[in-house]
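S.K.: I'd like to go over a predicted model; first the sequence, then the structure.
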Amino acid sequence: MLNLLRFREFADYSETPELAPIEPISGEKAYQLYIKHTFATIWKNRRRNSVYGSGAHFLIGPGNEKWDSVY
């Protein structure tokens with residue numbers, strides 16, 4: 001499975017304000033915090049090959065799409 005990620009300039013915590021950091025953070029930083037806390041528990045009991053990296057040009061796909069990261 002390939003996840004294509006596009007991040008907001010600032011993370012949106014409007015649905016869960018109790019989880020919001022004191023200072024606004026980027027959507028990418030919020031996702032990195034999510035990965036750090038959630039995936040460590042999941043991967044503890046499973047071995048998987050995973051790659052996380054920056055998005056770039058498409059090999060195949062529309063030229064007007066832009067993705068910040070791939071996972």
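M.R.: Sure, I can see it.
S.K.: Spit out the contact partners of the closest residue to Ser69 other than its chain neighbours.
M.R.: Distances taken as CB to CB, 6 or more residues apart in numbering place Leu5 nearest to Ser69, at 4.4 Å, with adjacent residues excluded. From N, CA and C alone the C-beta is placed, and that goes for glycine too. Contacts were defined as CB atoms under 8 Å, 6 or more residues apart in numbering; by that measure Leu5 touches Tyr31, Gly55, Trp67, Asp68, Ser69, Val70, Tyr71.
S.K.: got it, and Glu9?
M.R.: With CB under 8 Å, 6+ apart, Glu9 has these contacts: Ser26, Gly27.
S.K.: And it, its phi and psi?
M.R.: phi -60, psi -40 (degrees, to the nearest 10).
S.K.: What of Leu19?
M.R.: phi -90, psi -10.
S.K.: same question, Leu5
M.R.: phi -120, psi 140.
S.K.: still on that earlier bit, where does confidence bottom out across the contacts of Leu5?
M.R.: pLDDT across the contacts of Leu5 is lowest for Gly55, at 63.
S.K.: Quick one: distance of whichever strand or helix holds Gln32 to the chain centre.
M.R.: Here Gln32, judged by DSSP states H and E, is contained in helix 27-34. Remark: helix 27-34 is offset 6 Å from the chain centroid, using CA atoms, centre = their mean, to the nearest Å.
S.K.: So what's the residue count around Phe10?
M.R.: 12 (other CB atoms under 10 Å).
S.K.: Provide a list of residues in contact with it.
M.R.: Per CB under 8 Å, 6+ apart, neighbours of Phe10: Pro24, Ile25, Ser26, Gly27.
S.K.: Kindly reformat those as TSV containing pLDDT, neighbour count and distance to Ile35.
M.R.: Formatted as TSV, those follow (pLDDT from 0 to 100; neighbours: other CB atoms under 10 Å; distance: CB to CB, whole Å):
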residue	pLDDT	neighbour count	distance to Ile35
Pro24	96	13	19
Ile25	97	16	14
Ser26	97	14	14
Gly27	95	16	13
